[in-house]
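>>> I'll drop the sequence and a predicted model, then ask my questions.
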Amino acid sequence: MAFYRHVGNIPPKRHTQHRDDNGQLYFEELMGEEGFSSDSSLLYHRHIPSAIVDATVWELPDQSTTPNHPLKPRHLKLHDLFPETVWADTDVVTGRRLILGNADVRISYVVAAKESPLYRNAIGDEMVYVESGAATVETVFGALEAKQGDYVLIPMSTTHRWIPQGPEPLRAYAMEANSHIVPPKRYLSRFGQLLENAPYCERDLHGPSDTLQAEDTDVEVLVKHRTSHGIVGTRMVYPQHPFDVVGWDGCLYPYTFNISDYEPITGRVHQPPPAHQAFEGNNFVICNFVPRKVDYHPLSIPVPYYHSNVDSDEIMFYVGGDYEARKGSGIGQGSISIHPGGHAHGPQPGAYERSIGAEFFDELAVMVDTFRPLELGEGALACEDSGYAWTWAGRGPKQ
């Protein structure tokens, strides 16, 4: 999005000589999107940013997926994937377990206590939601402090690493796009400013405030990228540390946005899911369901009506509160519900009537809707609650 920021030491005019106190030239790098016809930033390095001394294969964690066939709604218990014996020796990058994926977005989950390697995703932007814990996210643009409830937006090809902080493990829900992740167009002016009717504004986006200036040599960076055979990884070794940037400016950079800063859009009757949208990528959207006053028409039914989102799969990650529509289904914090296109879904039995008269919902969930079907990753298959599909009917298939 076009929100200008300036950090560190830059020259008064772009694409001109910029030197240190000893007269040594800094190396200017233009990092830009869409063939340099969209947002970009200029970064000034002490060393040549393209210099590498080695490149070898990085074997990625299991990226295979299985179709949701036969078609049915599903419930996944993500907290079952990472007992303490596992997360104590896990990092946010290499420890991710793939939950769901298609050609547009891949959703992974990880619980970690270790510092991650340096990492760069050359496929698309990453939006990582911090379910709990805290971390410092060091990037080539500078550091971000991430806490519970933060979305961390990492632009495509940004070198960074995750450093968990504090006694708790870091629980992270990673949405990896094959595109850029941006605010919905309807919330932006024609010049890119967030409008008054948007549920958040530029003050809620927190970018780096200083550069890092690391000095190490022969530094390894894990790069996720594409080939004609799919998603692969490469280990690149740089002769100098990538965090050698003395200054940068532009409209492309990582930032955090906390879900508590999202202002819900409500109405007299129940609002449709687009009212909850926060971001969008190519063929998918990200929405927030947050604590809020609910529908105030005298005959309103506050929980969602039964609905068939005929073009989309709906993925709800429950991260806090008490989600009214799912009571009685076994869903709690750390759960994912999968409601695929082709199947009508809605409240659990009893929730529809029980919600009448409610004035406030204390719920917190992150939703991803995709416009192409999602397939199940190995992580989903390892933590599925096999009885969820039958909870509306109260009984399963005949044996």
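Yep, it's here. Keep in mind that what you see is a predicted model, and the values were worked out from it rather than measured.
>>> Going by C-alpha atoms from here, please, whenever you check contacts or count neighbours.
OK.
>>> tell me, what residue is most central in this protein?
In the chain, the residue lying closest to the centroid (C-alpha atoms, centre = their mean) is Met127, at 2.3 Å.
>>> pretty sure that residue is touching Glu176, no?
Yes - here Met127 reaches Glu176: they are 6.5 Å apart, a contact under C-alpha atoms under 8 Å.
>>> Need the nearest residue in space to Asn102, chain neighbours excluded.
Setting aside the residues directly before and after it, Asn102 is nearest to Leu374 in space (C-alpha to C-alpha, 6 or more residues apart in numbering), at 5.2 Å.
>>> Please enumerate the helices of this protein.
84-87, 351-354, 378-382 (DSSP state H).
>>> Pull out the C-alpha coordinates of the longest one and format them as CSV.
Extracted C-alpha coordinates of helix 378-382, given in CSV (Å, rounded to 0.1, in the frame of the first residue of the first chain):
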residue,chain,number,x,y,z
GLU,A,378,0.1,-33.4,6.4
GLY,A,379,-0.5,-31.3,9.5
ALA,A,380,-4.3,-31.3,8.9
LEU,A,381,-4.3,-35.1,8.5
ALA,A,382,-2.4,-35.5,11.8
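>>> Show me what it is in contact with.
62-65, 76, 78, 81, 97-100, 108 (C-alpha atoms under 8 Å, 6 or more residues apart in numbering).
>>> Buried residues, it. List them.
Taking 16 or more other C-alpha atoms under 10 Å as the neighbour-count basis, helix 378-382 is seen to contain the buried residues 378-381.
>>> Including pLDDT and distance to Thr158, could those go into CSV?
Rendered in CSV, the data for the buried residues of helix 378-382 read as follows (pLDDT from 0 to 100; distance: C-alpha to C-alpha, whole Å):
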residue, pLDDT, distance to Thr158
Glu378, 97, 27
Gly379, 98, 26
Ala380, 98, 28
Leu381, 97, 31
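>>> What is the nearest of those residues to Thr139?
When the buried residues of helix 378-382 are compared for distance to Thr139 (C-alpha to C-alpha), Gly379 wins out at 27.8 Å.
>>> picking up where we left off before, would you turn the helices of the chain into JSON lines with distance to Tyr305?
Rendered in JSON lines, the data for these read as follows (distance: least, C-alpha to C-alpha, whole Å):
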{"stretch": "helix 84-87", "distance to Tyr305": "39"}
{"stretch": "helix 351-354", "distance to Tyr305": "8"}
{"stretch": "helix 378-382", "distance to Tyr305": "27"}
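>>> Compare those and give me the one nearest Gly233.
When the helices of the chain are ranked by proximity to Gly233 (C-alpha to C-alpha), helix 378-382 comes first, at 18.4 Å.
>>> packing partners for the worst-scoring helix or strand of the chain on mean pLDDT?
Evaluated with mean pLDDT, DSSP states H and E, the helix-and-strand set of the chain has its lowest mean pLDDT in helix 351-354, which scores a mean of 84. Using 3 or more C-alpha pairs under 8 Å, 6 or more residues apart in numbering; DSSP states H and E as the contact criterion, no secondary-structure element is in contact with helix 351-354.
>>> So which bits of that helix are buried?
Neighbour counts using 16+ other C-alpha under 10 Å place 351-352 of helix 351-354 among the buried residues.
>>> likewise stretch 22-39?
By neighbour count on 16+ other C-alpha under 10 Å, the buried set for stretch 22-39 is 26-29, 31-33, 39.
>>> re earlier: if the residue nearest to the centre of the chain is in a bridge, with which residues?
With beta bridges defined as DSSP bridges, Met127 has these partners: Leu153, Met175.
>>> got a list of what it touches?
Applying C-alpha under 8 Å, 6+ apart, we find Met127 in contact with 151-154, 174-176, 181.
>>> And these, which is closest to Arg226?
Comparing every one of the contacts of Met127 with Arg226 (C-alpha to C-alpha), the shortest separation belongs to Glu176, at 13.1 Å.
>>> The residue lying closest to Tyr200 once chain neighbours are set aside and Gln148, how far apart?
Of all residues beyond its chain neighbours, the one nearest Tyr200 is Tyr262 (5.5 Å), with distances taken as C-alpha to C-alpha, 6+ apart. In this view, Tyr262 and Gln148 are 14 Å apart by C-alpha to C-alpha, to the nearest Å.
>>> what's the answer for Pro302, then?
Between Pro302 and Gln148 the computed distance is 28 Å (C-alpha to C-alpha).
>>> which of those two has more neighbours?
Taking other C-alpha atoms under 10 Å, Pro302 and Gln148 do not tie; Pro302 has more neighbours (28 against 19).
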